[in-house]
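Engineer: Give me the fold of what follows.
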Amino acid sequence: MYYSYNGYNLKSNAMKISSRKKLKSFLLVLIALCFIANTAFSQEDQRWQINTDGSISWQINNSIPHDDHIEMSGKRISCVLRYGVSADGSFHATRSLVWPMLRTIPNNTHASLTRQFAQDAFDLVTVNYKPIAAEKTVSLTLNGTLFVKSKTDKLELTRQFFTSTSLAVYNEIYTIKNSSEKNCIVEIPKSNAVYTTDPAKGTEGSYTIHADLINNGNFNLKPNESVSFSVVYSGVKANETVTAVNAEEEKSKRLELISEIWSKLILETPDQVLNTEFAFAKIRAAESIFETKGGPMHGPGGESYYAAIWANDQAEYIGPFFPYLGYDYGNKASLNAYLQFAKFMNKDYKPIPSSIVAEGTDIWAGAGDRGDGAMIAYGAARYALSRGNADEAKQLWTLIEWCLEYCRRKINSDGVVASDSDELEGRLPAGKANLNTSSLYYDALNSAVYLGKVLGKNETQLKAYKAEAEKLRTAIEKYFGAKVEGFETYKYYKENDVLRAWICTPLTMGIYDRKDGTIDALFSSRLWTKDGLASVAGDKIFWDRSTLYALRGVLAAGETDKALDFLHYYSNRRLLGDHVPYPVEAYPEGDQRHLSAESGLYCRIFTEGLFGIRPTGLHSFDFTPRLPKSWSTMKLKHIHAFERDFDITVERAGKNLKLKITDGKKLAINKVIKDGNTINIKL
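Structural biologist: Here you go, the predicted model:
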């Protein structure tokens with residue numbers, strides 16, 4: 001009998017058996033190589049590297065030209081900085097500056113005063129009476145600022161870019177060091193540019209933008225001596241004076257804020273990529289809060305979404321995260337968002353608007369009911385439980401109660417929640433009832449039971465919520481459960497016959513009925529791409545939010561090691577690849593903007609997925625740690641949820657896990673559990 005494989009004839013039983021073994025080994029290697037190619041990160045693609053101080057740097061080599069963009073924000077300004085290194089090694093940057101409280105006409109979602117500036121201050125300077133020439137970029141470093149090193153044959157140059165934390169100001173600091181053996185003359189000109197806007201296009205008339213160069217003059221630098229100057233961009237209303245700004249002081253305040261954020265909710269694992277991306281995600285999640293006339297408002301950003309809140313980004317995504325971080329201004333922004341939505345409760349149960357815009361003075365409801373009631377109930381209940389503050393919980397109970405009743409009234413004849421669209425607002429089909437909305441409502445009902453108990457709410461009402469959740473879970477399985485493209489998973493809406501990224505949502509809500517088929521589908525070649533999940537199988541569109549939900553859900557479902565491979569790949573790409581250092585919104589829409597709430601979703605992969613924290617009371621939570629087999633330990637330190645400051649350490653103890661929870665200096669929990677078990681923690 002003859003067998004043919006790749007042109008080779010295999011004879012005899014012995015040869016057949018041997019060849020089958022070789023073929024099997026070959027196929028296993030091939031599969032492994034394909035997996036590595038798809039999920040690992042090749043050295044050539046890893047543009048940036050992690051530094052010992054937690055920053056990341058790009059050492060310029062032959063991988064140029066290359067351009068990227070990053071957003072950084074303060075309470076009164078945001079900057080989308082587009083920067084790059086050209087083929088000749090020169091650095092360039094364009095600043096897109098946004099002043100959210102300088103409102104333009106029409107005063108809608110996108111009505112923040114925005115201007116782009118491409119000037120480089122070194123172009124104004126002369127050294128030995130000539131322009132600086134033949135500059136070569138050496139390195140770029142990100143640490144909450146962008147720090148750029150470059151050089152010429154006689155000079156060492158640095159630039160540093162950052163927003164002010166509390167002023168409507170953006171700053172750049174430039175330094176020139178004489179690296180030659182002779183003195184050099186540096187001339188820095190006086191420059192005070194003023195841009196005046198059209199008064200007919202501002203809600204408060206004309207605005208002025210000032211670009212001031214500070215520390216001009218003539219400097220005779222000896223060898224190894226340096227001189228620094230700064231350029232400060234500020235925006236003010238017509239009746240306001242420009243505040244005198246010291247860029248070095250503003251830099252110190254910015255770095256102090258980064259230090260504060262990095263000193264709380266610290267992730268420690270054997271994977272430095274995860275630890276570092278987690279640290280960076282905390283920056284973007286926390287910095288994008290604006291001091292509006294309607295109170296602190298967390299805003300997505302992206303040159304479009306400021307001084308406004310959304311039921312998904314703020315209520316659902318970021319709100320439940322801030323209690324863990326312990327960032328007081330973030331908690332204030334979250335509470336404010338929920339209370340802003342609460343203003344729109346009504347006795348007729350008409351929809352709460354999807355977005356409250358223009359510093360709280362107007363609304364946007366252009367996509368109809370997106371399932372916003374479920375988003376708000378889910379987020380507000382989880383926030384209240386995790387925050388651990390009884391007064392805030394009491395404030396939010398009425399909103400949660402109203403939203404749950406709204407959702408109940410939207411239940412269709414099949415037992416699931418109907419809505420006009422979903423959080424993608426009609427960009428992709430969502431039918432008349434989608435999986436997301438019903439899943440969010442399910443979790444909100446369960447959270448309301450936990451919250452209602454600690455607030456002493458009517459037991460009959462809470463039993464009704466519990467019964468409603470059980471009934472809804474059955475309906476979700478019956479209505480959405482389906483075989484799609486060969487996978488036993490979910491159809492996203494009734495008529496859906498193509499895999500969708502949001503089939504992951506039930507996993508994050510504790511519904512594991514179809515976890516095997518769903519996880520297989522998520523990580524199949526139909527959905528998983530080089531940038532995470534495709535929104536629709538076979539399409540180039542991706543939205544990071546669904547990838548972030550999926551990674552959290554797969555960890556929560558107990559597929560720890562499978563999730564870890566994809567989590568590491570995704571984190572490596574976002575932190576050290578060609579577009580860094582944060583999770584992004586989408587592509588092609590928005591060109592992968594660094595919208596802020598996605599970074600909160602990234603952090604929740606760890607708090608709720610890897611560490612399996614599910615709040616069950618104001619000072620209690622179910623705890624299901626998911627320690628990967630390749631790790632001996634993992635820690636989450638200075639968790640500020642439940643009005644505590646506590647640390648969690650998970651260690652491997654044979655086939656079991658050893659848990660240590662310290663509440664301040666007190667050892668609150670010290671016990672061994674079976675891997676995969678859940679215990680309830682009371683602090």
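
Engineer: give me every residue that touches the residue nearest the centre of the chain.
Structural biologist: Geometric centre of the chain, nearest residue: Ser599, 1.3 Å, by C-alpha atoms, centre = their mean. By C-beta atoms under 8 Å, 6 or more residues apart in numbering, the contact list for Ser599 reads 280-285, 582-583. Every C-beta, even on glycine, is put in place using the N, C-alpha and C of the backbone.

Engineer: Let's see that with 10 Å instead.
Structural biologist: Contacts for Ser599 (C-beta atoms under 10 Å, 6 or more residues apart in numbering) come out as 277-278, 280-288, 317-318, 321, 544, 548, 574, 581-584.

Engineer: before we move on, what about Tyr327?
Structural biologist: 257, 260-261, 264-265, 282, 285-287, 289, 321, 333-334, 640.

Engineer: what about the residue nearest to the centre of the chain, which SS state?
Structural biologist: Under DSSP: H, G, I helix; E, B strand; the rest coil, the three-state class of Ser599 is helix.

Engineer: quick one: the nearest residue to Gly368 once chain neighbours are set aside and Ile400, what's the gap?
Structural biologist: Leaving out its chain neighbours, the residue that sits closest to Gly368 by C-beta to C-beta, 6 or more residues apart in numbering is Asp420, at 3.2 Å. Asp420 is 22 Å from Ile400, where distance means C-beta to C-beta, to the nearest Å.

Engineer: Report the buried members of the contacts of Tyr327.
Structural biologist: 257, 261, 264-265, 282, 285-287, 289, 321, 333-334, 640 (16 or more other C-beta atoms under 10 Å).

Engineer: on that earlier part again, out of the contacts of Tyr327, which comes closest to Ile173?
Structural biologist: Leu257 (16.9 Å; C-beta to C-beta).

Engineer: Let me see the mean pLDDT of the helix or strand where the closest one lies.
Structural biologist: Using DSSP states H and E, Leu257 maps to helix 247-262. Helix 247-262 shows a mean pLDDT of 98.

Engineer: starting at the chain centroid, how far to it?
Structural biologist: Mean-position distance between helix 247-262 and its chain equals 21 Å (C-alpha atoms, centre = their mean, to the nearest Å).

Engineer: and that helix, which residues are buried?
Structural biologist: 247, 250-251, 253-254, 257-258, 261-262.

Engineer: Widest-spaced pair of these?
Structural biologist: Ala247 and Trp262 (22.2 Å).

Engineer: on that earlier part again, output the contacts of Tyr327 as JSON lines; include the columns secondary structure.
Structural biologist: Compiled in JSON lines, these are given as follows (three-state DSSP):
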{"residue": "Leu257", "secondary structure": "helix"}
{"residue": "Glu260", "secondary structure": "helix"}
{"residue": "Ile261", "secondary structure": "helix"}
{"residue": "Lys264", "secondary structure": "coil"}
{"residue": "Leu265", "secondary structure": "coil"}
{"residue": "Lys282", "secondary structure": "helix"}
{"residue": "Ala285", "secondary structure": "helix"}
{"residue": "Ala286", "secondary structure": "helix"}
{"residue": "Glu287", "secondary structure": "helix"}
{"residue": "Ile289", "secondary structure": "strand"}
{"residue": "Phe321", "secondary structure": "coil"}
{"residue": "Ala333", "secondary structure": "helix"}
{"residue": "Ser334", "secondary structure": "helix"}
{"residue": "His640", "secondary structure": "coil"}
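
Engineer: ok, now which ones touch the nearest residue to Asn215 once chain neighbours are set aside?
Structural biologist: The spatially closest residue to Asn215, leaving aside those adjacent along the chain, is Phe229, at 4.0 Å (C-beta to C-beta, 6+ apart). With contact taken as C-beta under 10 Å, 6+ apart, Phe229 is in contact with 121-122, 124-125, 172-176, 186, 188-189, 191, 213-217, 219, 247.

Engineer: Let me know the angle separating the one helix or strand Phe229 maps to from helix 247-262.
Structural biologist: Assessed by DSSP H and E, Phe229 sits inside strand 226-237. Going by axes from the mean of the first three to the mean of the last three C-alpha atoms, to 10 degrees, strand 226-237 is angled at 80 degrees with respect to helix 247-262.

Engineer: Extract the CA atoms of strand 226-237 and return them as CSV.
Structural biologist: C-alpha atoms of strand 226-237 as CSV (Å, rounded to 0.1, in the frame of the first residue of the first chain):
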residue,chain,number,x,y,z
SER,A,226,22.7,74.1,29.0
VAL,A,227,19.9,76.6,28.6
SER,A,228,16.2,75.8,28.7
PHE,A,229,13.1,77.7,27.5
SER,A,230,9.5,76.9,27.3
VAL,A,231,6.5,77.5,25.1
VAL,A,232,3.1,77.7,26.8
TYR,A,233,-0.2,77.6,25.0
SER,A,234,-3.2,78.9,26.9
GLY,A,235,-6.8,79.7,26.0
VAL,A,236,-9.0,82.2,27.8
LYS,A,237,-12.4,83.9,27.4
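
Engineer: Can you report the mean pLDDT over the residues of that strand?
Structural biologist: 98.

Engineer: which residues in the stretch 451-600 of the chain form strands?
Structural biologist: Here the stretch 451-600 of the chain has its strands, by DSSP state E, counting those that start in this stretch, at 481-484, 487-490, 528-529, 532-533, 542-543, 586-587.

Engineer: highest average neighbour count across these?
Structural biologist: Using mean count of other C-beta atoms under 10 Å, the stretch among the strands of the stretch 451-600 of the chain with the largest mean neighbour count is strand 532-533, at a mean of 28.

Engineer: could you say what helices and strands that one packs with?
Structural biologist: Strand 532-533 sits against strand 542-543, helix 544-556, helix 560-576, with contacts defined as 3 or more C-beta pairs under 10 Å, 6 or more residues apart in numbering; DSSP states H and E.

Engineer: I'd like these as TSV, with mean pLDDT appended.
Structural biologist: Formatted as TSV, the helices and strands packed on strand 532-533 follow (pLDDT from 0 to 100):
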stretch	mean pLDDT
strand 542-543	97
helix 544-556	98
helix 560-576	98
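
Engineer: Glu172: what's its closest spatial neighbour, skipping adjacent residues?
Structural biologist: Nearest residue to Glu172, sequence neighbours excluded (C-beta to C-beta, 6+ apart): Val231, at 4.6 Å.

Engineer: Show me the beta-bridge partners of the one you found.
Structural biologist: With DSSP bridges applied, Val231 shows beta-bridge pairing to Glu172, Leu213.

Engineer: What's the local residue count around it?
Structural biologist: Per other C-beta atoms under 10 Å, the neighbour tally for Val231 reads 24.

Engineer: Brilliant, that's me finished.
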